[in-house]
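*Asks:* No letters, just coordinates:
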């Protein structure tokens, strides 16, 4: 079942290529950012996070970049696989976390085999 | 699997009815958050509990209420249901270790509520 908004930006990527998903945030006081992956009918799944005292963080096949000057966050997925097809949300948090997340609208990633 | 469990997975009910959604946080997590996800609104924060006490409130309707019990599980009660309440309801949990940075929120699989 569909669980996300109808009018999401969509990114189509060839299998094996790198994907870059972007997110703009509005609150300069936000100091903690998380990327979530949501597959159809499932809950958001944590991918990677970054604190505002960093500008880059790497995980397994994923990298998050934070540009506080322009309030921009990006998620890079290396060697995109069919299993990466999902909706990706960025979320921001203020007061060093432990407070409700504010979610972006999401981007749908479609991987073309 | 995030370790957060939610029941039921699906719920179909009629307008005017009342339902209760249940969430069990990850072992050791003290804080529970409830979010609503609908097609046109995205993920919206409803309410947060920490160790049994309400900690933050979002756009939660007066017809909705929640509580967190001594064993840390939480229930979200939705009453006088309307068609527009049909949505996915997610609970998330975090530990809140008290350090300088916050702790990641992990989401459950959600409850899909359909109001007919």
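*Replies:* Great, that's in hand. Treat the numbers as computed from the prediction; the structure is a model and nothing was measured.
*Asks:* Next one, pLDDT for residue A:3 please.
*Replies:* For residue A:3, the pLDDT comes out at 33.
*Asks:* The residue nearest the centre of chain B in helix, strand or coil?
*Replies:* When Cα atoms, centre = their mean is applied to chain B, the residue found nearest the centroid is residue B:34 (2.8 Å). Three-state call for residue B:34 (DSSP: H, G, I helix; E, B strand; the rest coil): strand.
*Asks:* Could I get the pLDDT score of the closest residue to it other than its chain neighbours?
*Replies:* Using Cβ to Cβ, 6 or more residues apart in numbering or on different chains and skipping residues adjacent in sequence, the residue nearest residue B:34 is residue B:46, 4.2 Å away. (C-beta placed from N, C-alpha, C; glycine too.) Predicted confidence (pLDDT) for residue B:46: 93.
*Asks:* quick one: strands adjacent to the helix or strand that residue B:46 is a member of?
*Replies:* Using DSSP states H and E, the element containing residue B:46 is strand B:42-50. If you go by DSSP bridges, strand B:42-50 pairs up with strand B:31-38 (antiparallel), strand B:53-57 (antiparallel).
*Asks:* Can you tell me what sits against the longest one?
*Replies:* By that I understand strand B:31-38. A:3-4, A:98, A:100-101, B:23, B:25, B:43-51, B:55, B:60, B:66, B:68, B:72, B:74, B:76, B:84, B:86-96, B:105, B:107, B:110 (Cβ atoms under 8 Å, 6 or more residues apart in numbering or on different chains).
*Asks:* which of those count as buried?
*Replies:* Buried subset of the contacts of strand B:31-38 (neighbour count, 16 or more other Cβ atoms under 10 Å in any protein chain shown): A:3-4, A:98, A:100-101, B:23, B:25, B:43-50, B:55, B:60, B:66, B:68, B:72, B:74, B:76, B:86-96, B:105, B:107, B:110.
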